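S.K.: Could you work out the structure for the sequence below:
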Amino acid sequence: RAPAAITAAGCGCVLFGRDGAGPRARPPAAPVDRGSAFLLACAPFRWAGRCRLSVRRVKAAPFPEPEEELYAVTVNNKMYVIGGFGYMPFGNPPGLVYEYDPATDKWTKKKNLPVAVHHQAQTVLNGKIYFFGGCQRPLTGPGAGGWEPVDNSWEYDPAADSYKALAPMPMKRCSAIAENVGGKVYVTDYVKSSGDDKPAPAKRNDLQGKERVLCLDARTGVELWKHEYSRDYTISYPAGPRCTPTVVDGRVYCLGAMGDLVCLDAQSGRVLENFTRAEVFGSPDVNWLRVQVRQNGGRAIFSISAGR
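M.R.: Presented below is the predicted three-dimensional model:
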């Protein structure tokens with residue numbers, strides 16, 4: 001099963017798994033195969049491909065409870081692990097929030113998300129965490145299997161362990177991603193035009209639509225620029241793009257759900273470079289993927305879990 005989340009503090013990265021084994025730094029794995037994970041590095045104007053990094057393995061305190069498909073952000077040198085798809089029962093999101101202090105190697109449980117969702121977007125601004133959208137599991141009707149998107153927006157203050165409801169988003173979104181850099185919020189999402197998006201583990205869905213990267217003013221919410229491109233989805237669990245947009249040296253890197261890697265100018269949104277799915281994966285056929293990205297030493301480090 002894929003690692004649930006990756007986050008960074010200082011020069012280190014931490015991976016969290018679903019089996020309660022806790023966070024630990026991990027070396028790159030073998031080239032992609034069924035469910036395997038590997039690390040990729042991207043430098044300006046060139047694709048570095050699979051790489052070997054010098055990684056020191058450090059065992060840390062176990063994650064307090066088994067869970068999968070979590071997200072993580074860093075605030076004031078502490079890591080906040082959030083969400084969860086729902087391990088037991090499967091697909092029933094718990095809305096977890098845990099604080100990890102690397103200085104003491106201890107976990108602290110915080111108040112759960114006010115509305116339990118999975119695959120929500122989150123970003124950090126001025127010491128607070130902002131949550132947008134996600135999917136919940138209604139008892140009946142559309143999305144009853146755990147994939148009903150919502151338009152909720154929340155501000156979370158880690159110091160006070162409190163939430164404040166914000167204005168709902170203009171549209172419901174699940175598996176959107178948000179990242180705040182230098183007073184700008186970079187958001188990725190997928191706008192479906194047609195097709196069946198009801199997920200099933202053994203099913204490939206066929207969707208038509210556009211993947212988007214948007215840049216918003218973090219203070220006003222005004223859209224500064226938008227980059228979008230047509231992309232049909234032929235994957236399982238057809239939500240996307242499933243990758244955090246990451247800014248390195250004035251460039252925004254984003255990997256789409258079908259393997260399109262794009263490099264944009266952070267100020268204007270102009271396309272500087274892009275790469276195809278085959279160039280990224282070495283294979284034209286990927287059924288699903290999950291991506292976490294962090295900046296480290298002038299590189300955008302992509303932790304990618306993919307399966308055929």
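
S.K.: Poorly predicted segments of the stretch 201-308 of the chain, please.
M.R.: 201, 280-297, 300, 302-308 (pLDDT under 70).

S.K.: mind running it again at 80?
M.R.: 201-203, 219-221, 237-244, 276-308 (pLDDT under 80).

S.K.: And the strands in it?
M.R.: 205-217, 223-230, 233-235, 246-248, 251-255, 261-265, 271-275, 288-296, 299-307 (DSSP state E, counting those that start in this stretch).

S.K.: Please render those as a markdown table that adds mean neighbour count and distance to residue 163 to the earlier fields.
M.R.: In short, each C-beta sits where N, CA and C put it, glycine included. Formatted as a markdown table, the strands of the stretch 201-308 of the chain follow (neighbours: other Cβ atoms under 10 Å; distance: least, Cβ to Cβ, whole Å):
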| stretch | mean neighbour count | distance to residue 163 |
| --- | --- | --- |
| strand 205-217 | 18 | 21 |
| strand 223-230 | 14 | 26 |
| strand 233-235 | 20 | 33 |
| strand 246-248 | 21 | 27 |
| strand 251-255 | 25 | 28 |
| strand 261-265 | 20 | 32 |
| strand 271-275 | 15 | 38 |
| strand 288-296 | 20 | 24 |
| strand 299-307 | 22 | 29 |
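
S.K.: Adding distance to residue 190 as columns, could you present these in a markdown table?
M.R.: Shown next, in a markdown table, are the strands of the stretch 201-308 of the chain (distance: least, Cβ to Cβ, whole Å):
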| stretch | distance to residue 190 |
| --- | --- |
| strand 205-217 | 5 |
| strand 223-230 | 10 |
| strand 233-235 | 7 |
| strand 246-248 | 18 |
| strand 251-255 | 12 |
| strand 261-265 | 14 |
| strand 271-275 | 17 |
| strand 288-296 | 13 |
| strand 299-307 | 17 |
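
S.K.: Would you tell me which of those strands gets closest to residue 153?
M.R.: Of all those, it is strand 205-217 that lies closest to residue 153, at 12.7 Å by Cβ to Cβ.

S.K.: which helices and strands sit right next to that closest one?
M.R.: Using 3 or more Cβ pairs under 8 Å, 6 or more residues apart in numbering; DSSP states H and E, the elements in contact with strand 205-217 are strand 184-195, strand 223-230, strand 233-235, strand 251-255.

S.K.: Please identify the pairing partners of that strand and their relative orientation?
M.R.: strand 184-195 (antiparallel), strand 223-230 (antiparallel), strand 233-235 (antiparallel) (DSSP bridges).

S.K.: tell me, how many neighbours does residue 84 end up with?
M.R.: 29 (other Cβ atoms under 10 Å).

S.K.: now the one 3 residues further on
M.R.: As a burial measure, the neighbour count of residue 87 was computed by other Cβ under 10 Å and equals 18.

S.K.: my guess is it meets residue 69, correct?
M.R.: No. In terms of Cβ atoms under 8 Å, residue 87 does not count as a neighbour of residue 69; the distance is 9.2 Å.

S.K.: Verify the contact between residue 64 and residue 110 for me.
M.R.: No. Contact criterion Cβ under 8 Å: residue 64 and residue 110 do not qualify, at 11.4 Å.

S.K.: Bridged to residue 275, which residues?
M.R.: In beta-bridge terms (that is, DSSP bridges), residue 275 pairs with residue 261.

S.K.: cool, residue 81 as well?
M.R.: On the basis of DSSP bridges, residue 81 is bridged to residue 72, residue 98.

S.K.: do you know how far it is from residue 246?
M.R.: If you measure residue 81 against residue 246 using Cβ to Cβ, to the nearest Å, the figure is 19 Å.

S.K.: try residue 211
M.R.: 16 Å.

S.K.: do the same with residue 202
M.R.: The value you get for residue 202 to residue 246, if Cβ to Cβ is used, is 32 Å.

S.K.: Over to residue 63?
M.R.: Residue 63 is 24 Å from residue 246, by Cβ to Cβ.

S.K.: now the helices for the protein?
M.R.: 277-281 (DSSP state H).

S.K.: Name the residues of stretch 95-108 that are buried.
M.R.: Neighbour-count burial for stretch 95-108, counted by 16 or more other Cβ atoms under 10 Å, picks out 95-100, 102, 107.

S.K.: hmm, I was thinking of stretch 115-127
M.R.: Buried positions in stretch 115-127, judged by neighbour count with 16+ other Cβ under 10 Å: 115-124.
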